[in-house]
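Enquirer: heads up, no residue letters with this:
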């Protein structure tokens with residue numbers, strides 16, 4: 001009888017060890033899967049965000065303010081398929097400045113008149129005028145008074161590009177990255193060579 005108790009006790013210990021080992025392996029496997037999922041989200045999260053904004057429709061009656069302080073509707077400034085650079089004074093300043101330099105470079109290589117606009121947010125119109133004059137690009141800039149285009153991407157507080165057509169449908173949303181300026185160059189070239197003029 002005593003031997004059976006010892007055998008049962010040893011079997012319980014063995015099964016317990018097996019159970020704990022499987023649980024540990026499962027936990028480690030969950031950690032690996034979780035880490036991989038996080039890496040995928042880090043790599044592709046922006047792409048998901050980008051795609052979720054494409055084919056959204058902006059309100060043509062969206063109120064915007066021009067450099068002279070006049071209030072207009074978005075429909076008053078979109079005459080053809082247009083590239084929009086959207087930014088805010090609250091975005092990373094160096095990121096915005098880099099994009100302005102990218103656009104400056106593009107403007108020397110392409111005729112961009114009427115095909116690109118800035119939609120920005122400045123708390124004070126005076127600051128917008130100073131910023132606009134310092135750009136010296138001749139590209140129209142419009143202020144969104146409430147700093148919101150009602151797109152999902154707006155909540156991330158980052159500068160981005162998109163194209164908009166005469167039906168105010170958004171496409172080709174793109175988030176530039178300072179660490180990869182060549183990608184922005186490719187995007188801008190593609191927009192002006194294959195998208196905006198077709």
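Expert: Good, I have the coordinates. Predicted, not measured: the structure shown is a model, and the values here were computed from it.
Enquirer: mind listing the strands in this protein by residue range?
Expert: Under the criterion DSSP state E, strands of the chain are mapped to 63-65, 71-73, 82-86, 116-120, 141-143, 160-164, 170-174.
Enquirer: To residue 106, which of the ones you listed lies closest?
Expert: The closest of the strands of the chain to residue 106 is strand 116-120. By CB to CB, the value is 8.3 Å. All C-beta atoms are positioned from the backbone trio N, CA, C, and that covers glycine.
Enquirer: what is the orientation angle of the closest one with strand 82-86?
Expert: 30 degrees (axes from the mean of the first three to the mean of the last three CA atoms, to 10 degrees).
Enquirer: average pLDDT for strand 116-120?
Expert: Strand 116-120 shows a mean pLDDT of 92.
Enquirer: Stretch 72-79 too?
Expert: Across stretch 72-79, the average pLDDT comes to 94.
Enquirer: list the buried ones in that stretch?
Expert: Judged by neighbour count using 16 or more other CB atoms under 10 Å, the buried positions of stretch 72-79 are 74, 78.
Enquirer: how long is it end to end?
Expert: Length of stretch 72-79, first residue to last, CA to CA, to the nearest Å: 14 Å.
Enquirer: what does stretch 109-126 contact?
Expert: Identification of contacts with stretch 109-126 by CB atoms under 8 Å, 6 or more residues apart in numbering yields 64-65, 69, 77, 79-90, 103, 106, 128, 131, 139-144, 147, 149, 192, 196-197.
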